[in-house]
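Undergrad: with the sequence up front, the predicted model follows.
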Amino acid sequence: QVQLVESGGGLVQAGGSLRLSCALSGSIASIDVMNWYHQAPGKQRELVAALTTEGITNYADSVKGRFSISRDNAKNTVYLQMDSLKPDDTGVYYCNADSYTWYASVWGQGTQVTVSS
């Protein structure tokens with residue numbers, strides 16, 4: 001079993017930066033990929049960044065060049081560095097862990113990000 005706890009959300013002006021953190025605990029050695037999802041108000045949850053255990057990253061077109069996903073194995077934490085934030089980035093950000101051996105992926109509780117114009 002894996003548990004995820006996000007932190008780092010808040011209110012920021014357009015053009016500003018935030019760094020989200022996702023603390024991992026439990027059977028983290030079984031994780032194959034870590035993801036960050038964004039759910040804007042009234043919209044479906046969308047994948048914005050992914051990081052495999054091999055270090056391969058993938059980003060949604062809307063955040064390429066502005067967001068960066070990374071992992072600190074010593075701290076069992078995954079980060080999402082968000083720069084040049086836009087009002088459209090407003091929403092809840094969820095950390096997600098997945099494995100090829102799991103029946104279902106694991107979600108954190110989410111952290112709210114609000115970008116004012």
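TA: Great, that's in hand.
Undergrad: how close does the residue positioned nearest the centre of the chain sit to T57?
TA: Closest residue to the average C-alpha location of the chain: W36 at 2.6 Å, with Cα atoms, centre = their mean. According to Cβ to Cβ, to the nearest Å, W36 and T57 sit 11 Å apart. Quick note: C-beta positions are derived from backbone N, CA and C, even for glycine.
Undergrad: which neighbours do these two have in common?
TA: Residues touching both W36 and T57 (Cβ atoms under 8 Å, 6 or more residues apart in numbering) are A49, A50, I69.
Undergrad: so which of these is the most crowded?
TA: A49 (25 neighbours; other Cβ atoms under 10 Å).
Undergrad: which ones are touching that one?
TA: N35, W36, T57, N58, Y59, A60, V63, F67, S68, I69, L80.
Undergrad: could you redo the last one with a cut-off of 10 Å?
TA: Shown in contact with A49 (Cβ atoms under 10 Å, 6 or more residues apart in numbering): 34-38, 57-60, 63-64, 67-70, 78-82, 93.
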